[in-house]
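Enquirer: one predicted model, sequence on top.
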Amino acid sequence: MEIILKQDVINLGYKDDIVTVKNGYANNYLLPQGMAVIATPANKKMREETLRQRAFKEEKLRKDADTLKAALDGKVVRIATKVGENGQLFGSVNNIQVADALKEQYNYDVDRRKIVVDGSKIKEVGSYNALVNIYRDIKATLNLEVVSEDAPAAVAEA
């Protein structure tokens, strides 16, 4: 079944994309949730008009995303957390903490849902990578440094 997405759907497509999915997925999930509409000729014409109107806005969004990518690429984000004697964290580091650290250290406000941390959870002290999905195909890579809460104080004294 051909459908037009009304919002971004992970692993399927972006808003206003025309995609082909199985009937059950469309009828039982995407359509009832309001995530898509059936790609009828009338809906396709409305989509084309929407895309035409949005074209100039798209250029500005892409330019802003490129600027943010250039600013974020390769930045080292230091996250201090409680650590046990063997280097294991009490809990784990997730995308929420990365977003907070990014805001605190560099004053970049990035939505936590757009940050993908290397692996599912970080549970040890060390260096990791995080991917920031800024805009569609524009992604930035952050270097995460997970350290003990005591380490920043020791560095400041030295």
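Expert: It's in. Bear in mind the structure is a predicted one, so any value in this text is a computation, not a measurement.
Enquirer: buried residues, the longest helix along the chain. List them.
Expert: Counting residues, the longest helix found in the chain (DSSP state H) is helix 41-72. Within helix 41-72, the residues scored as buried using 16 or more other CB atoms under 10 Å are 43, 47, 65, 68-69, 72. C-beta here means a position set from N, CA and C on the backbone, and glycine is covered the same way.
Enquirer: quick one: which of the residues you listed is nearest residue 135?
Expert: residue 65 (3.6 Å; CB to CB).
Enquirer: wait, the closest one touches residue 132, no?
Expert: No - counting by CB atoms under 8 Å, residue 65 stays clear of residue 132, with 10.3 Å between them.
Enquirer: check the gap between residue 125 and residue 23 for me.
Expert: For residue 125, the distance to residue 23 equals 50 Å [CB to CB, to the nearest Å].
Enquirer: who has more neighbours out of the two?
Expert: Taking neighbours as other CB atoms under 10 Å, residue 125 and residue 23 compare with residue 125 leading, 19 against 8.
Enquirer: which ones are touching the more buried one?
Expert: 83, 87, 89, 146-148 (CB atoms under 8 Å, 6 or more residues apart in numbering).
Enquirer: among these, which ones are buried?
Expert: 83, 89, 146-148.
Enquirer: closest to residue 2 out of those residues?
Expert: residue 146 (45.5 Å).
Enquirer: picking that back up, out of the buried residues of helix 41-72, who's nearest residue 16?
Expert: residue 47 (5.7 Å).
Enquirer: ok, that closest one - contacts?
Expert: Per CB under 8 Å, 6+ apart, neighbours of residue 47: 4, 16, 18.
Enquirer: the residue sitting nearest the centre point of the chain and residue 95, how far apart?
Expert: The residue lying closest to the centre of the chain (CA atoms, centre = their mean) is residue 114, at 1.4 Å. Per CB to CB, residue 114 is found 8 Å from residue 95.
Enquirer: and for residue 145?
Expert: 16 Å.
Enquirer: cool, residue 105 as well?
Expert: 15 Å.
Enquirer: check residue 131 too.
Expert: 10 Å.
Enquirer: find the residues that touch each one of these two.
Expert: Joint contacts of residue 131 and residue 95 (CB under 8 Å, 6+ apart) are 115-116.
Enquirer: so these two - more neighbours on which side?
Expert: residue 95 (17 against 14).
Enquirer: I figured that one hits residue 117, correct?
Expert: Yes - with contact defined as CB under 8 Å, residue 95 reaches residue 117; the gap is 5.4 Å.
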